[in-house]
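In: Model the structure of this input:
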Amino acid sequence: MSKNQKTNCQSNIFPMKIYHQDLKYLLIIDIETVACAPSYAEMPEALRLFWDKRAKIYAEETPSSSDAFAKYASLHAEFSKVVSIGIGFFNLSDKDELGLRVKSLVNEDEKQLLVDFKDLLERRLTKRKRFVAHNGREFDYPFLCRRLLLHGLGLPPIFQNLRSKPWDNPHLDTMEMWRFGDRKNFTSLRLLAHLFDLPPYQDQIDGSMVSAIYHQEKDLDRISAYCRNDVIMTAQLYLCLQNFATVKAANIVEV
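Out: Next up, the predicted model:
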């Protein structure tokens, strides 16, 4: 695709009435998770025994429990924690154009991070009734619910219906939208961003590297920036999948 060529989602004129009908109720989210310990050997012994059982699902690919922990523990809510939560929502800019406000919460103390996130949902973002995330139904939404309950925080109202039947779940998943019912398909956010000609990531890390960046480099700022970028990508992708124009870079505000 040439630099001058634009995909449909970038060239369409945005119908502003849509903002009032749909977009103003959406909250785009992304989470970054890391293993509960720097390594398998540094886990509490009792937890290692439970991981040994869980690691059997990876035995064909990764026979070693230690190697499986390094590679996959951050995907399991029982053996990891959330270190960053990115949130974004659409609004109208000063020029009456579609805008996007993005924020990334980050904290080594997972409980405090979740308290801050829950407070935002219950006090400041109460008008946002539906989540949007990439692979959110399989990962972000259930992961957050599990970690909230493990810390005794309870579920905010927006999460209450996640225990209902799948077809009653009001929250949106851009990967599900791209599947069009094809359950075999898994397409990464980064690939779809490339296909729709969205601006590339500034930092070429991916989710599989976050745990090492946290435990070895102690670089929470880098993780937070990556999380914000995922929120922006997800928001733009959602617009593309609705065949709407994307948000201009000048109207994306990081707070």
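
In: Would you state the helices of the stretch 151-255 of the chain in chain order?
Out: 174-179, 189-195, 210-212, 220-241 (DSSP state H, counting those that start in this stretch).

In: mind putting those in CSV, distance to Ile57 included?
Out: Every C-beta, even on glycine, is put in place using the N, C-alpha and C of the backbone. As requested, the helices of the stretch 151-255 of the chain are exported to CSV (distance: least, CB to CB, whole Å):
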stretch, distance to Ile57
helix 174-179, 21
helix 189-195, 24
helix 210-212, 18
helix 220-241, 26
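
In: tell me the most buried of these?
Out: Mean neighbours per residue, mean count of other CB atoms under 10 Å, is largest over these for helix 220-241, with a mean of 22.

In: Mind giving me the packing neighbours of that helix?
Out: For helix 220-241, the elements it packs on are helix 8-11, strand 26-35, strand 80-92, strand 98-106, strand 130-133, helix 174-179, helix 189-195, judged by 3 or more CB pairs under 8 Å, 6 or more residues apart in numbering; DSSP states H and E.

In: Low-confidence ranges, the stretch 101-250 of the chain, go.
Out: For the stretch 101-250 of the chain, the stretches with pLDDT under 70 are 128, 162-169.

In: between the helices of the stretch 151-255 of the chain, which one is nearest to Cys36?
Out: Nearest of those to Cys36, taken as CB to CB: helix 210-212 at 9.7 Å.

In: what comes into contact with that closest one?
Out: Residues outside helix 210-212 that contact it (CB atoms under 8 Å, 6 or more residues apart in numbering) are 32-35, 70, 73-74, 80, 83, 223, 226.

In: Show me the beta-bridge partners of the residue nearest the centre of the chain.
Out: When CA atoms, centre = their mean is applied to the chain, the residue found nearest the centroid is Asp30 (1.9 Å). Assessed by DSSP bridges, Asp30 has beta-bridge partners Gly86.

In: tell me the pLDDT at it?
Out: Note on Asp30: pLDDT of 97.

In: distance of it from Gln216?
Out: 22 Å (CB to CB, to the nearest Å).

In: I'd like the distance between the residue of the chain positioned farthest from its centre and Phe90.
Out: The centre of the chain is farthest from one residue, Glu45, which by CA atoms, centre = their mean lies 30.8 Å away. Distance of Glu45 to Phe90, computed by CB to CB: 48 Å.

In: can you tell me which residues contact the residue nearest to Asp203 when sequence neighbours are not counted?
Out: Take Asp203 and drop its neighbours on the chain: the residue closest to it by CB to CB, 6 or more residues apart in numbering is Tyr226, 5.9 Å away. Tyr226 sits next to 32, 84, 201, 203, 205, 210 when contact means CB under 8 Å, 6+ apart.

In: Looking at those, spot the one nearest Tyr58.
Out: Once CB to CB is applied, the member of the contacts of Tyr226 that ends up nearest Tyr58 is Val210, at 18.5 Å.
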